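Just a sequence and a predicted model for now, questions to come.
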Protein chains: 2
Amino acid sequence: MSQVFATTGNDAEQLEMISQIGAYLRAQNATVACAESCTGGGLAYALTSVAGSSDWFEQSFTTYSNSAKQSLLGVSQYTLEQHGAVSAQCVEEMARGVRERSQAAVGLSTSGIAGPGGGSVQKPVGTVWFAVADATQTRSVSHCFDGDRAQVRQQAIGYALELLHHRLVEINSQAL
Amino acid sequence: MSQVFATTGNDAEQLEMISQIGAYLRAQNATVACAESCTGGGLAYALTSVAGSSDWFEQSFTTYSNSAKQSLLGVSQYTLEQHGAVSAQCVEEMARGVRERSQAAVGLSTSGIAGPGGGSVQKPVGTVWFAVADATQTRSVSHCFDGDRAQVRQQAIGYALELLHHRLVEINSQAL
C-alpha cells in the first residue's frame, strides 16, 4: 500500500461519490470550500480528482497550525484554549470560517490526530472531528479511525466526503 | 491503480525525500507553504504525510479559480490576462504571494492543465508550471507530463517535491 497516498478499498466508489457531489453543487450553481487540518489538503485533492471540478470548487485552506486556524479561518483563541483544535467547536468555526471567507455555499472541515504521536486518553490517535456548514446549519461529528497515519488520513477523507454527500442529498431533497 | 490517489512508482523514495525536506526546514527553523492549482491540495497532503510535519508546515492554499489566485495570493489581473494561469509569471506570483502571506521561508506553487480538457497547441494537457520562492530568489520551471488526469497530478506533486528538495539542499550548502 502506498504510504503517501494510501487508499482504503473501493476507490471507484469514492470517485462516483465525488462525481455526485459535483453534480449536486453544479445543479445549484454552488461551490464547496475546505478547511483541513489532519487531512492536510487531501480532501481538496480528492474533490479535484474529477474533471470539471473547477465548476464547483474554487479554493481551500490547509490550516495545520493553530495560528493558521485563527488568522485564515477566524477560529477563536477561546475555542483553542478551552476545547483544543480537535473539537466540535473548532471544526465548526473552521467550516463556518472557510465558508464565509471563500463565499462558498458549503464549508467542510477536518481536525484530528493522525498519529503516531499526539494522542491522549480523551482523544486517542485516530480521533477526527468533522463539520459541514451551509446557509442554514453547521453540523459536526467525530469518529475514531484505526490504522497508521496514512490510513487514518485516508479514512478521514472518505468520511468527510460522505458527510458532504449526505448533506447535499438532504439539501437537494428539501429544494424539490 | 488508484484513480483518486494515483501513485507513480517508488513511494518509499518520495517519503524519504519528504523526510529530508522536513529535516532541512527543521534545522533552519523554517516553514514551507504551498499555493496549488492543478495539484489541488495534493502537494500539501504529501508534505504532511510524515509525522512531525507540523514543525515546518503551518498552512497552504488551494487556489483553483483565477479569482482565488488574485484574492488569496495577490496574482495580478495583468498576469492572468496576458500570460494565463498556466505560466511562469503566474506561478512566480503565486509562490511569492503564499510565502509573504503565510510568512513562510519558502513558497511553492503549481499551476497546470491536468486534463482531460483545457489543453491547447501551446499548452497541451499535462503542462504544469512550478515555482519556488525564498528570501533570495524565485525560480520557475515547466514540464509536460504524460498520462491521465490522476497521473499528471501525481507526477506534478513528485516534481514539485523534487524542486523544493533541490532548492533546500542548495540553500543548506550555501549556509555552511
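That came through fine. Numbering: from 1, shown residues only, chains lettered A, B, ... in the order given.

And the helices in chain A, which stretches?
Secondary structure of chain A (DSSP state H): helices located at A:11-27, A:42-47, A:66-73, A:77-82, A:88-102, A:149-175.

For B:Ser140, which of the ones you listed is the nearest?
When those are compared by Cβ to Cβ, helix A:42-47 sits nearest B:Ser140, at 22.2 Å. C-beta coordinates here come from the backbone N, C-alpha and C atoms, glycine included.

Does anything pack onto the closest one? Which helices or strands?
The contact analysis (3 or more Cβ pairs under 8 Å, 6 or more residues apart in numbering or on different chains; DSSP states H and E) places helix A:42-47 against helix A:11-27, strand A:32-36, strand A:59-63, helix A:149-175, helix B:42-47.

can we see that at 6 Å?
strand A:32-36, helix A:149-175, helix B:42-47 (3 or more Cβ pairs under 6 Å, 6 or more residues apart in numbering or on different chains; DSSP states H and E).

tell me which parts of chain A are close to chain B?
Contacts of chain A with chain B, taken as Cβ under 6 Å from any Cβ of the partner chain, map to A:2-5, A:7, A:11, A:14-15, A:40-42, A:44-46, A:48-49, A:51, A:54, A:57-60, A:62-65, A:68, A:116.

Now which of the residues you listed would you call buried?
Among the residues of chain A next to chain B, the ones that count as buried by 16 or more other Cβ atoms under 10 Å in any protein chain shown are A:2-5, A:7, A:11, A:14-15, A:40-42, A:44-46, A:48-49, A:51, A:54, A:57-60, A:62-65, A:68.

For A:Ala104, give its distance to A:Ala131.
14 Å (Cβ to Cβ, to the nearest Å).

Neighbour count: the two, which is higher?
Counted by other Cβ atoms under 10 Å in any protein chain shown, A:Ala104 and A:Ala131 do not tie: A:Ala131 has more neighbours, with 28 against 23.

Next one, pLDDT for that one please.
Each residue has a pLDDT score; the one for A:Ala131 is 98.

Ok, the one 5 residues further on next?
For A:Thr136, the model assigns a pLDDT of 96.

Dihedrals phi and psi, it?
In terms of degrees, to the nearest 10, the main-chain angles of A:Thr136 are phi -110, psi -20.

How about the one residue sitting closest to the centre of chain A: which residues does it bridge to?
Centroid-nearest residue in chain A: A:Ser109, 3.5 Å away (criterion: Cα atoms, centre = their mean). Beta-bridge partners recorded for A:Ser109 (DSSP bridges): A:Ala35, A:Ala131.

Quick check, it in contact with A:Arg96.
No - contact criterion Cβ atoms under 6 Å: A:Ser109 and A:Arg96 do not qualify, at 8.7 Å.

Give me whichever of the helices of chain A is most buried.
Comparing the helices of chain A by mean neighbour count (mean count of other Cβ atoms under 10 Å in any protein chain shown), helix A:42-47 ranks first with a mean of 31.

Export that one to PDB, keeping only CA atoms.
Provided in PDB are the C-alpha atoms of helix A:42-47 (Å, rounded to 0.1, in the frame of the first residue of the first chain):
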ATOM      1  CA  GLY A  42      -6.100  15.500   0.800                       C
ATOM      2  CA  LEU A  43      -9.700  16.400   0.900                       C
ATOM      3  CA  ALA A  44      -9.300  19.200  -1.600                       C
ATOM      4  CA  TYR A  45      -7.100  16.800  -3.700                       C
ATOM      5  CA  ALA A  46      -9.800  14.200  -3.700                       C
ATOM      6  CA  LEU A  47     -12.500  16.700  -4.700                       C
END
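
Any idea how far that helix is from the middle of the chain?
How far helix A:42-47 lies from its chain's middle: 9 Å, per Cα atoms, centre = their mean, to the nearest Å.

Which residues does that helix contact?
Residues outside helix A:42-47 that contact it (Cβ atoms under 6 Å, 6 or more residues apart in numbering or on different chains): A:34, A:36, A:57, A:60, A:157, A:160, B:4, B:40-42, B:45, B:62.

now stretch A:105-114
Against stretch A:105-114 from outside (Cβ under 6 Å, 6+ apart): A:30-39, A:85-86, A:90-91, A:94-95, A:98-99, A:119, A:123, A:125, A:127-134, A:149, A:152-153, A:156, A:160, A:164.

For it, which residues meet the burial criterion?
By 16+ other Cβ under 10 Å, the buried positions in stretch A:105-114 come out as A:105-114.

what pLDDT, on average, does it get?
Here the average pLDDT along stretch A:105-114 is 98.

Which pLDDT value does the model give A:Gln3?
On the pLDDT scale, A:Gln3 gets 54.

again with A:Leu176
Note for A:Leu176: predicted pLDDT of 47.

Same check on A:Ala6?
We have a pLDDT of 50 for A:Ala6.

ditto for A:Asp11
84.

same question, A:Tyr78
A:Tyr78 is given a pLDDT of 98.

check contacts around it.
Applying Cβ under 6 Å, 6+ apart, no residues contact A:Tyr78.

Grab the nearest non-local neighbour of A:Gly112.
The shortest distance from A:Gly112 to any non-neighbouring residue, by Cβ to Cβ, 6 or more residues apart in numbering or on different chains, is to A:Val128 (2.9 Å).

Spatially nearest residue to A:Thr48 (excluding sequence neighbours)?
Closest residue to A:Thr48 apart from its sequence neighbours, by Cβ to Cβ, 6+ apart: B:Gly40 at 3.3 Å.

Who are the contact partners of the one you found?
Applying Cβ under 6 Å, 6+ apart to B:Gly40 gives the contacts A:44-45, A:48, B:62.
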